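*Asks:* after the sequence you'll find the predicted model.
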Amino acid sequence: MANVRAVDGTYISYPFLEDGDTSTKVYNMICTQRESDYNAAQIDLDDPMTNATTAGVIELPFTGDSSAYFVGDTAHSSVGGGMLQFTRTFANIPQTTTTASGSAFVTFPGIWKERTAGTTLTVTAISMTSGTKGVTITTAAHGLAVGDNINATLDYTVDSDPFIHSISGDFRVLAVPTTTTTTIDIGHYWDSQVTLTLDSGSIVEGQPFREQLVKNVSTLTRYDYVLPGVTPGISDVLDVNLPPAFAVITRAYGTISERVSDGDVFTPPVGIETGYSITMPNATEYLDMIAESKNIVIESSLAEWAGNILVMKTKTCKAR
């Protein structure tokens, strides 16, 4: 009774099945021991569960796992007769997972690049095709290509519902079915074919000149797990370097800029300041990031997950 014994109720859990991680296991041993012999320092945090000796028990109730590390004894309670019951837990270092994390308001940089066309076209029709992303708008003949930017405003209804949907913003061209039609993603999706009826709308062709833009966008969060002293290159928590949030940097001074710019000489719209500097990334590179749906870091943080195992959270969104 002086030694730690694993008893009925011991189990293995898989905490990340819903995230697609089927390998990470948490070993929960329900243990008993004479209360007067319990030693909280019997084994150290991060000790591996290689065998019964390293786990500090008379006998392991499951196969040893040298990649499972001690994260603590919890839930201590007296069970009578001078005996103590507690849960002894060992855990694998979880795999990296990335999951949807809702939405957030994000400030995107201004884009200082000469507007190449600026032609306003009236939208005469709007439609969707079940199974195809986005909506297709009809205008007079245009010179758009896949990957171009347009500013668009649309008012439309769906089937017989009188509610008028109104959207206005900057959109990327997904497809160009004909010289008079353009497909864009306006953030409205359907699981079956519906009829869209246009109330009014227009688009402006050309690369956008804009100041900073705040948008509510969908996000993904990546979870990386680190155990100092075990994870290569990480001896203590201060060795963990968090990914910085995306920022535009001026090449000349290394300062943070509110806008991306190629440094080309052009005349900004009336009322817009004229000072600018070539940046990293520059305007052309940032527009390519948007076209290629590259993700940028919004924020990152570090916290304890279990025992000394740390979790680093990195929230990202697509460049806009």
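*Replies:* Structure received.
*Asks:* sketch out the strands for the stretch 1-150 of the chain, chain order is fine.
*Replies:* Taking DSSP state E, counting those that start in this stretch to define them, one finds strands in the stretch 1-150 of the chain at 5-6, 11-13, 26-34, 48-49, 65-80, 83-92, 97-108, 110-112, 120-122, 125-127, 135-138, 149-158.
*Asks:* between strand 65-80 and the third one, find me the angle.
*Replies:* Between the axis of strand 26-34 and that of strand 65-80 there is an angle of 40 degrees, by axes from the mean of the first three to the mean of the last three CA atoms, to 10 degrees.
*Asks:* and strand 26-34, what does it pack against?
*Replies:* strand 5-6, strand 11-13, strand 65-80, strand 83-92 (3 or more CB pairs under 8 Å, 6 or more residues apart in numbering; DSSP states H and E). (C-beta placed from N, C-alpha, C; glycine too.)
*Asks:* before we move on, what about the last one?
*Replies:* Packed against strand 149-158, as judged by 3+ CB pairs under 8 Å, 6+ apart, are the following elements: strand 165-178, strand 181-184, strand 196-205.
*Asks:* in it, what's buried?
*Replies:* N149, I150, N151, A152, L154, D155, Y156, T157, V158 (16 or more other CB atoms under 10 Å).
*Asks:* and which of these is nearest G82?
*Replies:* Lowest distance from G82 to the buried residues of strand 149-158 (CB to CB) belongs to V158, with 71.8 Å.
*Asks:* the closest one and N282: what is the separation?
*Replies:* Using CB to CB, to the nearest Å, we find V158 at a distance of 41 Å from N282.
*Asks:* and for I203?
*Replies:* Separation of I203 from N282 (CB to CB): 26 Å.
*Asks:* of the two, which one has the most company?
*Replies:* Higher neighbour count among I203 and N282: I203, with 22 against 19, using other CB atoms under 10 Å.
*Asks:* what's near enough to touch the more buried one?
*Replies:* By CB atoms under 8 Å, 6 or more residues apart in numbering, the residues touching I203 are T120, L121, V123, I137, T139, I150, N151, A152, T153, T182.
*Asks:* need those residues in TSV with pLDDT, can you?
*Replies:* Converted to TSV, the contacts of I203 look like this (pLDDT from 0 to 100):
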residue	pLDDT
T120	88
L121	92
V123	96
I137	97
T139	95
I150	86
N151	86
A152	92
T153	94
T182	95
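*Asks:* would you format these as CSV with distance to V106 included?
*Replies:* Shown next, in CSV, are those (distance: CB to CB, whole Å):
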residue, distance to V106
T120, 28
L121, 29
V123, 28
I137, 26
T139, 30
I150, 21
N151, 19
A152, 20
T153, 22
T182, 26
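*Asks:* list the contacts of T139.
*Replies:* T139 neighbours (CB under 8 Å, 6+ apart): L121, T122, V123, T124, T180, T181, T182, I203.
*Asks:* where in this protein is pLDDT low?
*Replies:* 114-118, 206-208, 264-276 (pLDDT under 70).
*Asks:* residues contacting V135?
*Replies:* Applying CB under 8 Å, 6+ apart, we find V135 in contact with I126, S127, M128, T183, I184, D185, I186, H188, L196.
*Asks:* distance of it from F70?
*Replies:* Separation of V135 from F70 (CB to CB): 56 Å.
*Asks:* likewise S261?
*Replies:* Taking CB to CB, one finds S261 at 54 Å from F70.
*Asks:* wait, A140 sits on T122?
*Replies:* Yes: counting by CB atoms under 8 Å, A140 does reach T122; the two are 7.2 Å apart.
*Asks:* T221 is nearest to which of the helices and strands packed on strand 149-158?
*Replies:* Closest to T221 of those, according to CB to CB: strand 165-178, at 23.8 Å.
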